[in-house]
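S.K.: please work out how this folds:
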Amino acid sequence: MLASAPVRTAAERAGGAGLASCAAAFCALFFANGSDVSRLVWIGAIALVLAAALAGRRGVATGGAGAAFLGCLLGLAVWTGASTVWSLSPDRSWQATNRVLVYAAFAVAGMALAARPSTAVRVAAVLLAALYGWALLAKCVPNLYPDYERVARLRAPLGYWNELGLLGAVGVPVALWVRGRVGAVLLFAATLVTCLTYSRFGIALALLAAVAWTFLGDDRVRSLADLVVGGGAGLALFGVALALPGITADGEPDHVRWRDGLIFAALVLVAACAVAAASSWLERREVAEHGRRAIERWAARAGVAAAVVVVVLAGVFAQRLWHGFANPVTSQIGGGSVNVASLNSGNRWRWWQEEWQAFTDHPALGTGAGTFHLTDLRLRESSLVTTDEPHNTPLQMLGELGVPGFLLFLGAIAAAAAAIVRARRAAEPRERAAVTALGLALAVFAVHTVADMDWSFLASCGPACLVAGILLGCPRAAAPARATRRLLAAGAILVALGGIYSLSAPWLAQRALASAATISEVKTAHAYDPLSTAALLEWATLEDVNGDTLQAAQHFRDATALEPESSEAWFALGGFYYEHKDFARAYDALDKAWHFDRFGPAGIACGLLDQARHKVLGVWPPSCPRGSRPAGSP
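M.R.: Numbering: from 1, shown residues only. Take a look at the predicted model:
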């Protein structure tokens, strides 16, 4: 999609370290596979090694705001790791720590690289163009991503539509910086990809990013032209795609997706060529100064009028809008225009309330990083929808890491924002525009975290931290002395080795546990990850089968002690006691399992909890009809 000249220019300026950084960002974008732990291991290892190599060779020299950003990010990693001590799920907190550690490694690599902003934005344009191209190709060729038969929302290769919508919105200021036919085509692809994800917040942020760039840019007329040509073509083709069920409808058979995919591919190529031709024609047109001022005035009036209309409509329909947003749904919102037009928050409001309650219960320290899943199971009001994330990263920091974690997260964002504003003021004109483009891209990312679970996605957080590090680094800083470099290299290597072990241990435990058939194999998994309740429960189950009931009981209790609000662990303990006729303890454990998840196995009518209650108290609950009670029961 992009000419080779920008790629060559970026490579020449960045050098070997720049190419390595590009490779790390490429791996994060294309191979992270959502929140897959196994992908985090090897991509995170690449980031840690890269950060160690660059920091040891060049050092990390920053200004005050850059130092504050890095300090807050590293402090957040340390605080996240410390939360395993009081966490409701230490194993989940360990995994969350690994993610923050990898994000910090990307930031350190960016700071040590200290590339020019114009080089960084060129590389970002290339990577985003490749991402959009692959996303659209996977939609056109069903074999590349078969899961589109189930749900049509565009999401390959990230695995999550809203995250791909975020990266589509991020591409808007980048494309407007590139300009010309290349920028117009990139803007066309970004618009089309964002719309095909049906991400309402992504579409809104793309629009806001376009408005912000037009306001801050130095050539508003050129930006407006690119928006009309590239953005307009993307919206038009999205409208056409809505008429192709193989592209935008769920549950379509393979032959329909192949037919419509080929049609759509042809339309994308024709539209891209038309956008390039139209942009080239407009680029050759000269607009007089008075004409430019007239265009800017009319565009400003149109923007103000649109804003007024939006504000008035929001005021008139405020009650209806709020009801639509706060009203929970019992399943995933549908795709297509139905989702784009919906005002429902997709259960976010309920999840936000649950996380806020978790914060009010544990304001100082939080429940531990990565533990919202347990909070949701305890507080949910339906068995149909559950999640691992509250879809609001700042609120998640508040609920899981308490006030200190929340302040560290906000401090990193505030320090980055302050440094970017300063860098924009001090940069030369061409570099100032590049800083603006990357700054807006990071702003889009930061705002998006308020409504989604971006913090769990390496594909967006890793490159974002890399870009933030580049903008906050000091390109002209002198290289450290040889002795200092040796100390930095030694320290960086130790940190990288420790980080790689931390990444690998839980993953090795999962692999060992997945194939474990004997107690010794389970012990191996537990040795890799002593915080894993899954390993303890499997260990206890095998000991019970082998007749060692005392050790089995101890390991079941160890699991509940490790995760005191795990319904799964309490249910397993209760089942063990029930099987061995210790009905009083079984009833107590199963009652705790029900308390921490009313819609789990312990909540099944006439299930194990009701049977244990009957054994102890001699009564059946009203929810258990007489005809469904176990045979022989009164």
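S.K.: so who does the most centrally placed residue in the chain touch?
M.R.: What sits nearest the mean C-alpha location of the chain, by C-alpha atoms, centre = their mean, is D454, with 2.5 Å. Contact analysis of D454 by C-beta atoms under 8 Å, 6 or more residues apart in numbering lists E163, L166, T393, F445, H448, S460, C461. For the C-beta atoms, the positions are set from N, CA and C on the backbone; glycine is no exception.
S.K.: ok, now which ones touch the second one?
M.R.: Each residue near L166 by C-beta under 8 Å, 6+ apart is listed here: S199, G202, L205, V444, F445, H448, D452, D454, S460.
S.K.: work out for me the element the second one sits within.
M.R.: Assessed by DSSP states H and E, G202 sits inside helix 200-216.
S.K.: same thing with the fourth one?
M.R.: Secondary structure assigned from DSSP H and E places V444 in helix 429-448.
S.K.: buried set for that helix?
M.R.: Buried positions in helix 429-448, judged by neighbour count with 16 or more other C-beta atoms under 10 Å: 431-448.
S.K.: may I have the next helix or strand along the chain from it as PDB, with CA atoms only?
M.R.: The helix or strand immediately downstream of helix 429-448 is helix 458-472, counting by DSSP H and E. Extracted in PDB, the C-alpha atoms of helix 458-472 (Å, rounded to 0.1, in the frame of the first residue of the first chain):
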ATOM      1  CA  LEU A 458       0.200  -6.500  23.800                       C
ATOM      2  CA  ALA A 459      -0.700  -5.700  20.200                       C
ATOM      3  CA  SER A 460      -1.700  -2.100  21.200                       C
ATOM      4  CA  CYS A 461       0.100  -1.500  24.500                       C
ATOM      5  CA  GLY A 462       3.500  -2.600  23.400                       C
ATOM      6  CA  PRO A 463       3.800  -0.400  20.300                       C
ATOM      7  CA  ALA A 464       2.200   2.500  22.200                       C
ATOM      8  CA  CYS A 465       4.800   2.300  25.000                       C
ATOM      9  CA  LEU A 466       7.600   2.100  22.300                       C
ATOM     10  CA  VAL A 467       6.300   5.300  20.600                       C
ATOM     11  CA  ALA A 468       5.900   7.000  24.000                       C
ATOM     12  CA  GLY A 469       9.500   6.100  24.800                       C
ATOM     13  CA  ILE A 470      10.700   7.500  21.500                       C
ATOM     14  CA  LEU A 471       8.900  10.800  22.000                       C
ATOM     15  CA  LEU A 472      10.200  11.100  25.600                       C
END
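S.K.: quick one: the next helix or strand after helix 458-472 to chain centroid distance?
M.R.: Remark: after helix 458-472, the chain's next helix or strand is helix 482-514, criterion DSSP H and E. With C-alpha atoms, centre = their mean, to the nearest Å as the basis, helix 482-514 stands 24 Å off its chain's centre.
S.K.: so the residue lying closest to G246 once chain neighbours are set aside is in which element?
M.R.: Nearest residue to G246 in three dimensions, chain neighbours excluded: D260, at 2.8 Å (C-beta to C-beta, 6 or more residues apart in numbering). If you go by DSSP H and E, D260 is part of helix 254-284.
S.K.: and that helix, which residues are buried?
M.R.: Buried-residue list, helix 254-284, by 16+ other C-beta under 10 Å: 256-257, 260-261, 263-264, 267-268, 271-272, 275-276, 278-279, 282.
S.K.: can you list the weak-confidence ranges in the stretch 301-450 of the chain?
M.R.: 317, 321, 328-343 (pLDDT under 70).
S.K.: any chance you could map the helices in it?
M.R.: 318-326, 336-341, 348-361, 372-379, 393-426, 429-448 (DSSP state H, counting those that start in this stretch).
S.K.: between the contacts of D454, which is closest to A47?
M.R.: The nearest member of the contacts of D454 to A47, counting by C-beta to C-beta, is C461 at 11.0 Å.
S.K.: how about the closest one, nearest residue that isn't a chain neighbour?
M.R.: Nearest one to C461, counting by C-beta to C-beta, 6+ apart, is Y103 at 5.2 Å.
S.K.: which SS class is that neighbour?
M.R.: Secondary structure, DSSP: H, G, I helix; E, B strand; the rest coil: Y103 is helix.
S.K.: that one against G462, yeah?
M.R.: Yes - shown here, Y103 and G462 form a contact pair, counting by C-beta atoms under 8 Å, at 6.4 Å.
S.K.: pick the one among the contacts of D454 closest to L40.
M.R.: Closest to L40, out of all of these and judged by C-beta to C-beta, is C461, at 10.9 Å.
S.K.: show the model's pLDDT score for that closest one.
M.R.: pLDDT, the model's per-residue confidence, is 94 for C461.
S.K.: angles on the backbone of Y160, please.
M.R.: Phi and psi for Y160, reported as degrees, to the nearest 10, are phi -140, psi 120.
S.K.: what's in contact with stretch 524-540?
M.R.: With contact meaning C-beta under 8 Å, 6+ apart, stretch 524-540 is reached by 84, 89-91, 94, 505-506, 508-510, 512-513, 516, 519, 522-523, 551-556, 558-559, 562-563, 566, 568-569, 572, 576.
S.K.: from these, which ones fall inside helices?
M.R.: Among the contacts of stretch 524-540, DSSP state H puts 90-91, 94, 505-506, 508-510, 512-513, 519, 522-523, 551-556, 558-559, 562, 568-569, 572, 576 in helices.
S.K.: quick revisit: report the two of the buried residues of helix 254-284 separated the most.
M.R.: Spatially, the most separated pair among these is V256 and L282, at 37.7 Å (C-beta to C-beta).
S.K.: and the chain, what are its domains?
M.R.: Domain assignment for the chain by automatic domain parsing gives 1-18+121-333, 505-628.
S.K.: now do the last one, average pLDDT.
M.R.: Looking back up the chat, that one is domain 505-628. 90.
S.K.: before we move on, the earlier item: closest to M111 out of the domains of the chain?
M.R.: Among the domains of the chain, if distance is taken as C-beta to C-beta, the winner is domain 1-18+121-333, at 12.0 Å.
S.K.: distance of D548 from F359?
M.R.: 42 Å (C-beta to C-beta, to the nearest Å).
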